[in-house]
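Participant: Sequence isn't available, so here's the structure alone:
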């Protein structure tokens with residue numbers, strides 16, 4: 001009498017059985033052996049737990065080494081898939097190709113189980129010990145041995161330890177913490193502004209950093225010694241500092257002033273002549289330096305331009321007084 005107690009559920013012909021027909025059974029067995037190295041697909045019929053049982057001496061995808069599990073309905077929670085019978089000891093490569101982005105839990109008996117995340121592939125072993133049969137995760141767990149050259153698709157890896165260089169040409173998404181990384185020696189490339197970086201691989205020493213939205217930061221170089229950071233209303237630049245009040249120049253004789261000059265009279269009865277052909281914005285500052293202008297006046301000559309809209313020279317007669325004269329236009333001339 002034939003039995004089917006082997007791990008591929010092949011037909012084992014008893015001595016003396018199937019005289020004249022054993023060749024057919026043997027050929028079927030050989031075909032089923034090759035199925036044990038093949039790829040197959042099994043579908044979960046509903047959004048519920050499922051059992052796939054390897055039949056005796058009959059072709060079935062459950063016998064394959066690579067078993068792709070799909071689902072007729074979108075799964076709404078983690079579902080169990082039982083691989084039977086519970087006496088089969090076998091290596092499997094299980095792919096979770098179900099819809100609904102749910103985990104499937106692979107079991108054989110009441111023993112340990114293995115979870116396979118949606119879209120992932122896991123190599124596992126069923127120990128086939130009967131009612132208490134367990135499923136063992138057979139994925140490699142050695143740390144740092146060899147090189148992972150390519151990882152495609154979406155998957156879940158728990159407790160992975162990496163050494164050496166990890167290069168990503170796409171997106172590397174972490175669901176937990178990445179620890180033990182030396183940011184100086186183990187991280188290269190640029191961190192975008194949107195992720196808390198600068199978008200730059202280097203920043204020149206002593207440059208000023210300017211924000212640039214989510215684009216890489218901009219910088220302003222120091223420029224010439226003495227320059228200041230100056231706004232033009234929309235951005236900043238290194239520019240020469242605007243001229244301040246000019247230093248005083250002491251005068252005790254007649255003199256012709258130039259724009260942006262501060263003249264301090266040290267004697268009376270002298271004439272300070274304003275610049276010829278001035279431009280709008282030119283200015284000249286004049287001061288009585290001795291405190292004697294009330295008794296010994298001096299003159300500020302208009303030199304062809306009006307002073308306060310008048311074609312008249314200005315007579316300086318206030319002790320220690322100081323005035324600033326700014327050229328406005330041809331009508332007003334010098335505004336005091």
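Facilitator: Yep, it's here. Note that the structure is predicted; figures quoted are calculated from it, not measured.
Participant: contacts, neighbours, all on C-alpha from now
Facilitator: Noted.
Participant: show me where the stretch 201-336 of the chain has strands.
Facilitator: Counting by DSSP state E, counting those that start in this stretch, one finds strands in the stretch 201-336 of the chain at the ranges 208-210, 218-220, 228-231, 236-239, 248-251, 255-256, 261-265, 271-273, 283-288, 298-301, 314-316, 322-329, 333-335.
Participant: Now do stretch 122-140: everything it contacts.
Facilitator: Here stretch 122-140 makes contact (C-alpha atoms under 8 Å, 6 or more residues apart in numbering) with 85-95, 106-114, 116.
Participant: any chance of the strands of the stretch 201-336 of the chain in CSV, with mean neighbour count and mean pLDDT too?
Facilitator: Shown next, in CSV, are the strands of the stretch 201-336 of the chain (neighbours: other C-alpha atoms under 10 Å; pLDDT from 0 to 100):
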stretch, mean neighbour count, mean pLDDT
strand 208-210, 14, 89
strand 218-220, 16, 87
strand 228-231, 14, 85
strand 236-239, 16, 86
strand 248-251, 14, 96
strand 255-256, 14, 97
strand 261-265, 22, 95
strand 271-273, 21, 97
strand 283-288, 22, 95
strand 298-301, 20, 96
strand 314-316, 17, 95
strand 322-329, 18, 95
strand 333-335, 21, 96
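Participant: Out of those strands, which is closest to residue 307?
Facilitator: strand 333-335 (4.7 Å; C-alpha to C-alpha).
Participant: what helices or strands is the closest one leaning on?
Facilitator: strand 322-329 (3 or more C-alpha pairs under 8 Å, 6 or more residues apart in numbering; DSSP states H and E).
Participant: And the strand it packs on, what does it pack against?
Facilitator: By 3+ C-alpha pairs under 8 Å, 6+ apart, strand 322-329 packs against strand 283-288, strand 333-335.
Participant: Relative to the longest one, what are the paired strands and their orientations?
Facilitator: If I follow you right, that is strand 283-288. Strand pairing for strand 283-288, determined by DSSP bridges: strand 261-265 (parallel), strand 322-329 (antiparallel).
Participant: As a markdown table, those with distance to residue 280 would be great.
Facilitator: Formatted as a markdown table, these follow (distance: least, C-alpha to C-alpha, whole Å):
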| stretch | distance to residue 280 |
| --- | --- |
| strand 261-265 | 15 |
| strand 322-329 | 5 |
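Participant: nearest to residue 64, of the ones you listed?
Facilitator: Going by C-alpha to C-alpha, the one of the strands paired with strand 283-288 nearest residue 64 is strand 322-329, 97.4 Å.
Participant: Pretty sure residue 194 sits in a helix.
Facilitator: Yes - checked against DSSP: H, G, I helix; E, B strand; the rest coil, residue 194 lies within a helix.
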